[in-house]
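Asks: only the shape, not the letters, is given here:
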């Protein structure tokens with residue numbers, strides 16, 4: 001059984017909680033909880049915005065087509081037919097899942113972009129009226 005570490009004076013009290021928290025904890029939490037693009041107002045290109053869902057859609061389509069080829073091989077080849085019949089549907093379902101996830105992701109990004117534009121517009125209006 002493992003004994004808890006003792007403090008330098010010999011007592012078995014746990015260290016105060018303020019010693020466990022560093023001064024950089026708050027700034028670290030803010031930096032990790034939000035992306036940098038929220039804090040900066042630089043405009044991003046379409047590729048920077050949509051590159052992840054485009055990659056997911058293209059990989060999903062490739063895996064789906066690979067599954068289709070494997071299933072068609074099971075129809076034409078008589079050797080190792082069980083392997084093709086087992087792996088073909090797995091690739092088909094994985095490819096279809098990635099394809100649908102990527103296609104759903106694109107409208108979500110569009111909606112977030114519209115919300116961000118509205119938010120920036122309201123922030124500029126608020127700063128215009130209240131900072132006079």
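Replies: That came through fine. Everything numeric in this text was worked out from a predicted model, so none of it was measured.

Asks: can you pull the buried residues of the helix or strand harbouring residue 47?
Replies: Assigned by DSSP states H and E, residue 47 falls within helix 46-76. Neighbour-count burial for helix 46-76, with 16 or more other Cβ atoms under 10 Å as criterion, is recorded at 49-50, 53, 56-57, 60, 63-64, 66-67, 70-71, 74. From N, CA and C alone the C-beta is placed, and that goes for glycine too.

Asks: tell me the one of the residues you listed nearest residue 113?
Replies: For those, the residue nearest residue 113 by Cβ to Cβ is residue 49; the value is 7.0 Å.

Asks: on that earlier part again, elements contacting the helix holding residue 47?
Replies: Helices and strands touching helix 46-76, as assessed by 3 or more Cβ pairs under 8 Å, 6 or more residues apart in numbering; DSSP states H and E, comprise helix 81-130.

Asks: what angle sits between the helix it packs on and helix 46-76?
Replies: 160 degrees (axes from the mean of the first three to the mean of the last three Cα atoms, to 10 degrees).

Asks: packing partners for helix 81-130?
Replies: In terms of contacts (3+ Cβ pairs under 8 Å, 6+ apart), helix 81-130 is packed against helix 46-76.

Asks: tell me the average confidence for the helix it packs on?
Replies: Per-region confidence: helix 46-76 scores 92 on mean pLDDT.

Asks: which intervals of this protein have sub-threshold pLDDT?
Replies: Flagging of the chain using pLDDT under 70 yields the residue ranges 1-42, 132.

Asks: hmm, try it at 90
Replies: 1-50, 71-86, 88, 113-132 (pLDDT under 90).
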